[in-house]
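Student: Pasted the sequence and its predicted model underneath.
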Amino acid sequence: MIKIFSDIPLLFFDFSGGEFMLVVFAFLMLFGPKKIPEIARTFGKAMAELRRATEDVKREIMSADMEKEVIDAKNTLNSLKTDILENPVLKELEKTKDNLINQSNFSPNNFSPNNFSPNNSTSANPATPNNPATTIPTPTSTSN
């Protein structure tokens, strides 16, 4: 016997094969053999519609859960972004960068390799065949 609550038995779902045959016989006598296929078709369509409605409700619940998870993820990312931007180490690095730029009179916007001139031109120039200040070592072959 199936019980919903511990004190209340559900006798409706507790029937045997003979009782099922009695229900089928009563159904056949009430509606007749010509109406039963139509009733079964209508019952099948109703069950399919109920199944679709159940799936729609499940989908709505899942999308609401997914939307909530997306909002939670956005909030987490925003709090991490705030934590990173307000990090004292990052602020100190920004101050140090600004101090270095101000001390060297260097502007990153005006920098180009063409207007950069190092103090020691011979050590900064790469070794090329057209540059007499530097020499390019050439491999020598030794025979045994």
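Tutor: Yep, that arrived.

Student: rest of the way, CA atoms for contacts and neighbours
Tutor: Noted.

Student: Give me the below-cutoff pLDDT ranges for the chain.
Tutor: Scanning the chain for pLDDT under 70 picks out 1-14, 105-144.

Student: which residues in it form strands?
Tutor: With DSSP state E as the criterion, the chain has strands at 2-3, 9-10.

Student: Helices of the chain, start to end?
Tutor: Secondary structure of the chain (DSSP state H): helices located at 17-85, 88-104, 121-124.

Student: got the ones you listed as TSV, with mean neighbour count columns?
Tutor: Output for these, formatted as TSV (neighbours: other Cα atoms under 10 Å):
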stretch	mean neighbour count
helix 17-85	12
helix 88-104	11
helix 121-124	11
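
Student: can you give me phi and psi for Asn87?
Tutor: Dihedral angles phi and psi of Asn87 (degrees, to the nearest 10) take the values phi -70, psi 130.

Student: That one and Lys81, how far apart?
Tutor: The spacing between Asn87 and Lys81, counted by Cα to Cα, to the nearest Å, is 10 Å.
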